[in-house]
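[1] missing the sequence, but the structure's below:
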């Protein structure tokens, strides 16, 4: 029931072959078919929920970081060195003096 698949011929994984699965399910009694159908439907929703948790946590974290940096005044250019020695810290180019 599982078929091999490859990503870039390096990463190997296996997927369910629906044709083979449906052929086996057809031989089962009706109560087992309903049980398999309900498990299959709920597992796809559960997988989506599980995969959405981490990006959601990252979104909240980034929003908190943005709020923190905005509360500190945001981005401000920093003067590296001392304005009295512009040739030493400016690489020989004229630098702004405050």
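    Happy to help now that I have it. Bear in mind that the values here come from a model prediction, so they are computed numbers and not experimental data.
[2] make it CA atoms for all contacts and neighbour counts henceforth
    Will do.
[3] For residue 6, grab phi and psi.
    Main-chain torsions, residue 6, degrees, to the nearest 10: phi -140, psi 140.
[4] cool, and the one 4 residues further on?
    Residue 10 has phi and psi values of phi -120, psi -50 when expressed as degrees, to the nearest 10.
[5] for residue 66, same thing?
    phi -60, psi -40.
[6] how near is it to residue 59?
    As judged by Cα to Cα, to the nearest Å, residue 66 and residue 59 stand 11 Å apart.
[7] swap in residue 38?
    32 Å.
[8] again, but for residue 18
    In terms of Cα to Cα, residue 18 sits 36 Å off from residue 59.
[9] Would you map the helices across the chain?
    Secondary structure of the chain (DSSP state H): helices at 18-26, 30-71, 86-89.
[10] Residue ranges in this protein under the pLDDT threshold?
    Applying pLDDT under 70 to the chain picks out residues 42-45, 77-98.
[11] from what I can see residue 25 touches residue 34, true?
    No. The criterion here is Cα atoms under 8 Å, and residue 25 misses it with residue 34 at 10.0 Å.
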